[in-house]
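> no FASTA, just this:
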Ligand code: PAF
């Protein structure tokens, strides 16, 4: 596995590998089984002849002023092993100063999909995500890129980024990987105390209940589905402080207007200091 630490080395890697299908997995490190699934999916897409490259970069521009960038977990040695074990060919792990010059003056802005769900309480977050992903796409020159469905809003925004800025990259969404009790894997789970950890699976259980009501019970009223999720969380996870529960159109991330479109139930809640998110497609 090649370990690439700066843009000069990356340019040389891309030029040597020109003509070989390149599948890219962007990450911020602190990798877990959910990321392992992304790397394995990338390996599958690339086939034996293709290349899988993973970036590990804690992107400062997607952190808000009250979000502690310095406290973000950094576990590079373990991350490298996980990538190697799951079939990565190369790792791109640049330093912040390599990617962001002190006098930089251009960045991307997303003005629609980022206004709801997580974006509503994290202003500028998805602008930072779009900026770094666009930079990485330009640098890595991948044919495909793989993102997790747990960050459903991010995936929708990346698809829009590719569409609106004409990137020649195919985006693949990979299903969320879960602990045995249903809790979605996240680098934030490590911050949960025992009681918080015990109650956190209620997020998944509440979403499953809403899906059951939608699919089997025929419930189409978004407010009723939302209330069902809130009631479940109040009963099963009293330690949780709900940030949002939303029933949205899976493509626009807005209140659904057509009964036929794919509908998404999405939730974010604080368990102690950890803000956990989860979602489910209602189908
Ligand atoms: O999902 C993440 O880890 C990050 O938002 C991403 C896509 C790597 C951009 O920094």
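Noted; the coordinates are in hand. Please read all numbers here as calculations on a predicted model, not as lab measurements.

> Only C-alpha atoms from now on, for both contacts and neighbour counts.
Noted.

> can you list the residues of the stretch 1-150 of the chain near the ligand?
Within the stretch 1-150 of the chain, the residues that sit near the ligand (CA under 6 Å from any ligand atom) are 26, 27, 28, 59, 129, 133.

> And the third one, its phi and psi?
What that stands for is residue 28. The phi/psi pair for residue 28 (degrees, to the nearest 10) reads phi -110, psi 20.

> burial measure for it, as a count.
16 (other CA atoms under 10 Å).

> wait, it sits on residue 55?
Yes. Counting by CA atoms under 8 Å, residue 28 does reach residue 55; the two are 7.5 Å apart.

> Is residue 278 part of a helix or strand, or is it coil?
Recorded secondary structure, residue 278: strand (DSSP: H, G, I helix; E, B strand; the rest coil).

> quick one: the spatially closest residue to residue 21 that is not a sequence neighbour from the ligand, how far?
Spatial nearest neighbour of residue 21, excluding adjacent residues (CA to CA, 6 or more residues apart in numbering): residue 50 at 4.7 Å. Separation of residue 50 from the ligand (CA to the nearest ligand atom, to the nearest Å) stands at 21 Å.

> Next, the contact list for the residue of the stretch 1-150 of the chain found nearest the ligand, please.
Nearest residue of the stretch 1-150 of the chain to the ligand: residue 27, at 3.6 Å (CA to the nearest ligand atom). Residues in contact with residue 27 (CA atoms under 8 Å, 6 or more residues apart in numbering) are 35, 54, 55, 56, 57, 58.

> Let's verify the third one: helix, strand, or coil?
This means residue 55. Three-state assignment for residue 55 (three-state DSSP): strand.

> Any idea how many residues pack against it?
A total of 21 residues lie near residue 55 under the criterion other CA under 10 Å.

> Over to the fourth one?
Around residue 56 sit 23 other residues, with neighbours defined as other CA under 10 Å.

> so what's it up against?
So residue 56 contacts 26, 27, 28, 29, 91, 92, 93, 94 (CA under 8 Å, 6+ apart).

> which of these tops the neighbour count?
Most neighbours among the contacts of residue 56, by other CA under 10 Å: residue 91, with 24 neighbours.

> That residue is in what secondary structure piece?
strand 90-92 (DSSP states H and E).

> Need the residue closest to the centroid of the protein.
Nearest to the geometric centre of the chain sits residue 151, at 3.5 Å (CA atoms, centre = their mean).

> measure that one to residue 205 for me?
18 Å (CA to CA, to the nearest Å).

> Also residue 181?
Going from residue 181 to residue 205 by CA to CA gives 9 Å.

> Pretty sure residue 184 sits against residue 197.
No. Here residue 184 does not reach residue 197: they are 11.5 Å apart, not a contact under CA under 8 Å.

> Which of these two has more residues huddled nearby?
Neighbour totals were compared for residue 184 and residue 197, and residue 184 leads with 22 against 17 (other CA under 10 Å).

> ok, for that one, nearest residue in space, not its chain neighbours?
residue 178 (4.4 Å).

> could you say what helices and strands the helix or strand where residue 78 lies packs with?
According to DSSP H and E, residue 78 maps onto helix 76-85. For helix 76-85, the helices and strands in contact under the criterion 3 or more CA pairs under 8 Å, 6 or more residues apart in numbering; DSSP states H and E are helix 33-46.

> what's next to the helix it packs on, contact-wise?
With contact meaning CA under 8 Å, 6+ apart, helix 33-46 is reached by 21-25, 27, 50-52, 54, 82-83, 86-88, 145-148, 174, 176-178, 185-186.

> So for it, what gets flagged as buried?
Buried residues in helix 33-46, counted by 16 or more other CA atoms under 10 Å: 33-43, 45-46.

> Between which two of these is the distance greatest?
Using CA to CA, the buried residues of helix 33-46 span at most 19.7 Å, a distance reached by 33 and 46.

> got the contact list for residue 244?
For residue 244, the contact set (CA under 8 Å, 6+ apart) comprises 117, 266, 267, 268, 269.

> between the residues of the stretch 1-150 of the chain next to the ligand, which is closest to residue 262?
Distances from residue 262 to those, taken by CA to CA, are shortest for residue 129, at 24.6 Å.
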